[in-house]
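Engineer: take this sequence and fold it.
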Amino acid sequence: MIEKQRAGKPWLASYPPGIPAEIDIDGLGTLVEMFEASTARFADRKAVICFGASMSYAQLGALARAFAVWLQGQGIAKGDRVAVMMPNVPAYPVALFGTLLAGATVVNVNPLYTPRELAAQLNDSGARTLVVLETFAHTVAQALPTLTLDRVVIASPGDGLGAKGALVNLVARHVRKAVPAYSLPKGLATRFTDALKAGRGGRPRTVPVAQGDLAFLQYTGGTTGVAKAAMLTHRNVIANVVQSQTWFRATDPDGPERVMVTALPLYHIFALTCCFLFFIRAGGTCLLIPNPRDADGFVKTLSKHRFTHMSGVNTLFNLLNNHPGFAGLDFSQLDYVVGGGMAVQKAVAARWKAITGSVIVEGYGLSETSPVVCVNPYGLPEWSGTIGFPLPSTEVSIRDADGMPAPFGVPGELCVRGPQVMKGYWNRPDETAKVMTQDGFFRTGDVAVMQPDGQVRIVDRMKDMILVSGFNVYPNEVEDVLALHPGILECAVVGAPCAEAGEMVVAHVVLRDASLTVDAIRAHARAQLTGYKVPRKVLIREALPKTNVGKVLRRALRDDLPAA
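Structural biologist: Numbering: from 1, shown residues only. Sure, this is the predicted structure:
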């Protein structure tokens, strides 16, 4: 029986010793139970660090319960949606767990949204309560005529940090003079601190939350099309937390103190699960970085703290690699670094190891899978260029255009089945049907190949593939070659209409060496790529358009290109 199972799941034979094929999902409880257990067991430990101050597990638990009491006092009931629109500040975890303790569902919102984008997401989710950092409240005010909101909770950066937080807020108000003013109707807005004060000392009413209840509406699709919400249940998310902890051998809460550098925004599923919820369950600490794009401030923060873990995307690693102060940091306690969200480039991974001595452990996931599907083994000696193996209790199938399994080494669509796969898309049964196979696999839209040992290698997004005279060109491959040139800081490759070949390869390049010419870039590509993969056009740019997580927006680059 075991041999038959391993034959259908070749990755199991390659699992590191001690990693089980399956985990017991039913016995894990809910995120509410996880939170209550952690705040009791690790009461004196630091849950988060931000702005040079910390919040203990006991303090986080008390504040979250106070917010839950206030929400319930406002009439929030089980299943209601509460939108949270904040970067990585201490108020975010308080609002998140307060919402879950109240029995409601969290709707994560990108604080950089425009009024139109904000209105679309809030109206689609049906959220009538919004918690927003005051820096972004002007967006809410502008969107208000198109919204149906019962209440808006206004938080400040230092809320939850006591006396140090009050100082942070004072400084923030001075700095925020350039932020547009806002005005909300009387009775609609409540200060976050007032809500906490009103609920302080109380206990929220117990709400019977089950594993199948919705924990998050996680919006996805921002880089490829119209955003839609993945319905993630308590079961989905806690399963993925424990799958990941099992893989990284972090299930021992009494193990060494762990500090995760949390630079990716918590409203994004990667940081939410892999940084925050992962470490909350393990009794670790999240070092919150509110603005990772401020490279100087980021590196300065790292210089002041001991850190053991880090996660990021390729652009974040590249940003740090190229900062003059990064190489001087103390990496002696760094246990592992996880990369995801987009392909980690070979040149970036090599330079990261040369600077830090640490190998980037690349993984893969999506909002619809809570997010982790595959990841390389803990303790990886060298960057592999693959996304590793499927996690325990996860099945992966590479399928051809007819929906049939593809042989080893043959590209096909990556399909996933497991407890972390979403319940479906919110109010979009037609969209759900499009991405689910008859045998229960989620179709990711990514092209991948599986190796005989079960490792999976991502080739590219199906929508990003370029068809040149009938030949497939995968942007990731071309980008990886271009990024190896020492004169190139970063790059992105897209397809553009071409009368002769149907499509042509276009490279958008940000230079490290201003003297590098287009001809030299094409010659570099020609030396390592077959002719039809060589960029026909090379456009030099000051910067590449990116999401707030750091993913390059290839779609935006395609939209800017004229036909040729």
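Engineer: the stretch 351-500 of the chain: helices as residue ranges?
Structural biologist: 429-435, 475-483 (DSSP state H, counting those that start in this stretch).
Engineer: so where's the stretch 101-250 of the chain shaky on pLDDT?
Structural biologist: Filtered on pLDDT under 70, the stretch 101-250 of the chain yields the residue ranges 175-178, 221-226.
Engineer: which residues in it form strands?
Structural biologist: 105-108, 129-133, 151-155, 189-191, 214-220, 228-233 (DSSP state E, counting those that start in this stretch).
Engineer: what angle separates the third one from strand 129-133?
Structural biologist: When you say that, I think you mean strand 151-155. Calculated by axes from the mean of the first three to the mean of the last three Cα atoms, to 10 degrees, strand 151-155 forms an angle of 20 degrees with strand 129-133.
Engineer: now do strand 151-155: distance to the chain's middle.
Structural biologist: 25 Å (Cα atoms, centre = their mean, to the nearest Å).
Engineer: contacts for it?
Structural biologist: If you take Cβ atoms under 8 Å, 6 or more residues apart in numbering as the criterion, strand 151-155 is touched by 74, 86, 89, 91, 95, 128-134, 137, 140, 184, 188-192, 195. Quick note: C-beta positions are derived from backbone N, CA and C, even for glycine.
Engineer: can you list the strands that it pairs with?
Structural biologist: Counting by DSSP bridges, the strands paired with strand 151-155 are strand 129-133 (parallel), strand 189-191 (parallel).
Engineer: the longest one too?
Structural biologist: Here strand 214-220 has these sheet partners by DSSP bridges: strand 105-108 (parallel), strand 228-233 (antiparallel).
Engineer: do you know which of these lies nearest residue 440?
Structural biologist: Ranking the strands paired with strand 214-220 by proximity to residue 440 (Cβ to Cβ) places strand 228-233 first, at 15.5 Å.
Engineer: dump the residue contacts of the residue lying closest to residue 532 once chain neighbours are set aside.
Structural biologist: With Cβ to Cβ, 6 or more residues apart in numbering as the criterion, residue 532 has its nearest non-adjacent residue at 4.5 Å, and that residue is residue 468. Listed by Cβ under 8 Å, 6+ apart, the contact set of residue 468 reads 495, 498, 501, 502, 503, 504, 505, 532, 533.
Engineer: ok, the second one to residue 447 distance?
Structural biologist: In this structure, residue 498 and residue 447 are 22 Å apart, going by Cβ to Cβ, to the nearest Å.
Engineer: could you export the strands of the stretch 101-250 of the chain to CSV, including columns for mean neighbour count and distance to residue 422?
Structural biologist: Formatted as CSV, the strands of the stretch 101-250 of the chain follow (neighbours: other Cβ atoms under 10 Å; distance: least, Cβ to Cβ, whole Å):
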stretch, mean neighbour count, distance to residue 422
strand 105-108, 26, 13
strand 129-133, 26, 23
strand 151-155, 24, 27
strand 189-191, 17, 32
strand 214-220, 25, 8
strand 228-233, 24, 4
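Engineer: wait, which of those is closest to residue 486?
Structural biologist: strand 214-220 (35.6 Å).
Engineer: how about residue 204, what does it touch?
Structural biologist: With contact taken as Cβ under 8 Å, 6+ apart, residue 204 is in contact with 65, 68, 69, 71, 72, 101, 102.
Engineer: assign the second one to helix, strand or coil.
Structural biologist: Put simply, residue 68 is helix when judged by DSSP: H, G, I helix; E, B strand; the rest coil.
Engineer: looking at the strands paired with strand 151-155, which is closest to residue 294?
Structural biologist: Across these, residue 294 has its closest neighbour in strand 129-133 (16.0 Å, Cβ to Cβ).
Engineer: how far off centre is the closest one?
Structural biologist: Distance, stretch centre to chain centre, for strand 129-133: 20 Å (Cα atoms, centre = their mean).
Engineer: distance of residue 244 relative to residue 25?
Structural biologist: 13 Å.
Engineer: hmm, back to that, with distance to residue 442 added, can I get the strands of the stretch 101-250 of the chain in CSV?
Structural biologist: Putting those into CSV (distance: least, Cβ to Cβ, whole Å) gives the following:
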stretch, distance to residue 442
strand 105-108, 20
strand 129-133, 30
strand 151-155, 34
strand 189-191, 39
strand 214-220, 12
strand 228-233, 10
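Engineer: neighbour count: residue 498 and residue 447, which is higher?
Structural biologist: Neighbours around residue 498 and residue 447, counted as other Cβ atoms under 10 Å, are more numerous at residue 447. The numbers are 22 against 18.
Engineer: what pairs with that one across the strands?
Structural biologist: When assigned by DSSP bridges, residue 447 has beta-bridge partners residue 413, residue 460.
Engineer: thought it was touching residue 464?
Structural biologist: No: at 9.1 Å, residue 447 does not count as touching residue 464 under the criterion of Cβ atoms under 8 Å.
Engineer: shared neighbours of those two, anything?
Structural biologist: Counting by Cβ under 8 Å, 6+ apart, the shared contacts of residue 447 and residue 464 are residue 474.
Engineer: out of the strands paired with strand 151-155, which gets nearest to residue 387?
Structural biologist: strand 129-133 (33.4 Å).
Engineer: contacts for that closest one, please.
Structural biologist: 71, 74, 76, 80-87, 89, 91, 95, 109, 111, 122, 139-140, 149-157, 192.
Engineer: for residue 18, the count of nearby residues, please.
Structural biologist: 7.
Engineer: with residue 287 instead?
Structural biologist: Applying other Cβ under 10 Å, I find that residue 287 has 26 neighbouring residues.
Engineer: closest to residue 456 out of the strands paired with strand 151-155?
Structural biologist: Comparison of the strands paired with strand 151-155 against residue 456 by Cβ to Cβ identifies strand 129-133 as nearest, at 37.6 Å.
Engineer: can you pull the contacts of the nearest residue to residue 201 once chain neighbours are set aside?
Structural biologist: Sequence neighbours aside, residue 66 is the residue nearest to residue 201 in space, at 7.5 Å (criterion: Cβ to Cβ, 6+ apart). By Cβ under 8 Å, 6+ apart, the contact list for residue 66 reads 98, 195, 196, 197, 198, 199, 200, 201, 202.
Engineer: who wins on neighbours among those?
Structural biologist: When neighbours are counted by other Cβ under 10 Å, residue 98 leads the contacts of residue 66 with 31 neighbours.
Engineer: list the contacts for residue 514?
Structural biologist: For residue 514, the contact set (Cβ under 8 Å, 6+ apart) is empty.
Engineer: from residue 345, how far off is it?
Structural biologist: According to Cβ to Cβ, residue 514 stands 21 Å off from residue 345.
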